[in-house]
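Undergrad: quick one: sequence and predicted model below, then my questions.
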Amino acid sequence: MNSIHDMGGMHGLGPVVPETNEPVWHTSWESRVFAMNMALGAWRRWNIDAGRHVLERMPAADYLRASYYEKWLYGAFRKALQFGLITRAEAETGQPDPSAPTATPPLAAARVAEIMAAGRPTIRIVERPPAFAIGAAVRTRNIHPSTHTRLPRYARDKNGIVAARRGAHVFPDTNAQFQGENAQELYTVAFKARDLWGEAANPRDTVCIDLWEDYLAPA
Amino acid sequence: MSGDHDHSHPGGHAHTHDGQNAPSETALRVKALESLLVEKGLVDPSALDAIVDYYEHKVGPRNGARVVARAWVDPAYRTRLLTDATAAIAELGYSGAQGEYIVTVENTPATHNMVVCTLCSCYPWPILGLPPAWYKSPSYRSRSVIEPRAVLHEFGLDLADDVEVRVWDSTAEVRYLVLPERPPGTEALTEDQLAALVTRDAMIGTARVQAP
């Protein structure tokens, strides 16, 4: 969707302000928000793409105003609500529905390190061979879905060269809608900065973007 | 349960208006959510403690620095790191969430690499830990792709016009590690001493590694 999250190439968002000796978290609530998001994910009610799409639908003004972990707090509430882990009444009152049975958390403390170290692979074995070879000239599609996509606006309808093939990965556009994994080849496509941004860009510079096959057509 | 899906209330209870509010208000909302989730049996508070501990103590940029230092001293390891980074990094014991597929991109005198995620905050957690605030900021996400040299200048890194700047936008589940150039004059240093020189920003590509 063409929402505020798709920021590549925007102006007016201020200077980059690095912080010296930045801690992992600035307050303890940030760490709890992070951990709650991870632990709720263990319910497997949503996938990473559906989770990202929840944040993309945060109202744009709120998205810009919120700190990073305020966005994650919003995401934890919205995902728990939208995917049926909590009810609206519970979200509003903070009190569990007394008629609902108490669940058993799927993620136990003893298994956290093992599960984090395992990750959640997105590569799949597929029949369909990759359509493009390394070095192939491709053009990105001019698509503007109102649902989730990982083809950034700044790279739509642009010419690039396939720089690498990364294997068949779960396709976010369908996975976020729970319409199937639709795994397909993922390519790293190199774009000349001038093809993206015009003559003001340095002619040597490139931007490399990871793009699924369905985003690409032969150039 | 899908009947509970709520599409009619986009802000929801978690609607955040607190850019200017006291942080304690957010802290209270977080506490309320945790209490609710714990009471419902949806999360185990000791698992939350374990997750916090894991990302505070088990992962972080020291992991990536060890990878870089090993690549500097061991040419065979360097080759493996550049051809199959995920496996080479796993040799040192680092793997997992947000690092399932890692690719190393090598800085040279002719090419400078820098990494961004314009769409969210993708970052190689197992080797760099959780990203710093600036990496996740609208400013870095918007500007890195359109004016990388201006961003690098603000980090104190000025590149000659004939150096290619290659920006990697992490739009999928591939995560990128920049292999910085080994600084001159470090031939006598041990692997551990070299690792101590390697900064997080150098592995994102917004800094060079400086000689001691």
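TA: Nice, I can see it. Numbers count the residues shown, from 1 in each chain, chains lettered A, B, ... in the order given.

Undergrad: now do the contacts for the residue most central in space within chain B.
TA: Note on chain B: the residue nearest the mean C-alpha position is B:Tyr123, at 3.6 Å, using C-alpha atoms, centre = their mean. Neighbour list for B:Tyr123: B:98, B:117, B:130-131, B:135, B:170, B:175 [criterion: C-beta atoms under 8 Å, 6 or more residues apart in numbering or on different chains]. Where you see a C-beta, it was placed from the backbone N, CA and C, and this is true even at glycine.

Undergrad: from chain A, how far off is it?
TA: According to C-beta to the nearest C-beta, to the nearest Å, B:Tyr123 and chain A sit 12 Å apart.

Undergrad: longest helix in chain B, please.
TA: Looking across chain B with DSSP state H, the single longest helix is helix B:23-39.

Undergrad: list the buried ones in whichever helix or strand comes after it?
TA: Counting by DSSP states H and E, the element after helix B:23-39 in chain order, helix or strand, is helix B:45-53. By neighbour count on 16 or more other C-beta atoms under 10 Å in any protein chain shown, the buried set for helix B:45-53 is B:45, B:47-48, B:50-52.

Undergrad: how about the helices in chain A?
TA: For chain A, the helices defined by DSSP H occupy A:28-41, A:48-56, A:60-65, A:68-82, A:88-93, A:112-118, A:172-175, A:193-197.

Undergrad: try chain B
TA: With helices called from DSSP H, chain B shows them at B:23-39, B:45-53, B:61-73, B:75-83, B:85-91, B:125-128, B:138-146, B:148-154, B:191-197, B:200-204.

Undergrad: run the chain-centre distance for the longest one.
TA: When you say that, I think you mean helix B:23-39. 27 Å (C-alpha atoms, centre = their mean, to the nearest Å).

Undergrad: go through it and flag the buried ones.
TA: Going by neighbour count (16+ other C-beta under 10 Å), the buried part of helix B:23-39 is B:26-27, B:29-30, B:33-34, B:36-38.

Undergrad: what's the separation between the residue nearest the centre of chain A and chain B?
TA: Taking C-alpha atoms, centre = their mean, the centroid of chain A lies closest to A:Arg52, which sits 4.5 Å from it. Distance of A:Arg52 to chain B, given as C-beta to the nearest C-beta: 6 Å.

Undergrad: one step back: adding distance to chain A and pLDDT, write the buried residues of helix B:23-39 out as a markdown table.
TA: Shown next, in a markdown table, are the buried residues of helix B:23-39 (distance: C-beta to the nearest C-beta, whole Å; pLDDT from 0 to 100):
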| residue | distance to chain A | pLDDT |
| --- | --- | --- |
| B:Thr26 | 6 | 95 |
| B:Ala27 | 4 | 96 |
| B:Arg29 | 7 | 96 |
| B:Val30 | 4 | 97 |
| B:Leu33 | 6 | 97 |
| B:Glu34 | 6 | 98 |
| B:Leu36 | 5 | 98 |
| B:Leu37 | 6 | 98 |
| B:Val38 | 9 | 98 |
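
Undergrad: ok, the residues you listed vs A:Glu127, which is closest?
TA: Comparing the buried residues of helix B:23-39 against A:Glu127 with C-beta to C-beta places B:Leu37 closest, at 41.2 Å.

Undergrad: nearest residue to that closest one in space, ignoring adjacent ones along the chain?
TA: Spatial nearest neighbour of B:Leu37, chain neighbours left out: B:Val43 (4.5 Å); criterion: C-beta to C-beta, 6 or more residues apart in numbering or on different chains.

Undergrad: wait, isn't the one you found in contact with B:Glu34?
TA: Yes - in this structure B:Val43 lies within contact range of B:Glu34 using C-beta atoms under 8 Å: 7.5 Å.

Undergrad: which residues are in contact with each of those two?
TA: Joint contacts of B:Val43 and B:Glu34 (C-beta under 8 Å, 6+ apart) are A:Met36.

Undergrad: report pLDDT for the residue nearest to the centre of chain B.
TA: Note for B:Tyr123: predicted pLDDT of 98.

Undergrad: could you check whether the lengthiest strand in chain A is close to chain B?
TA: In chain A, with assignment by DSSP state E, the single longest strand is strand A:159-169. Yes - shown here: strand A:159-169 in contact with chain B (C-beta under 8 Å from any C-beta of the partner chain) through A:164, A:166-167, A:169.
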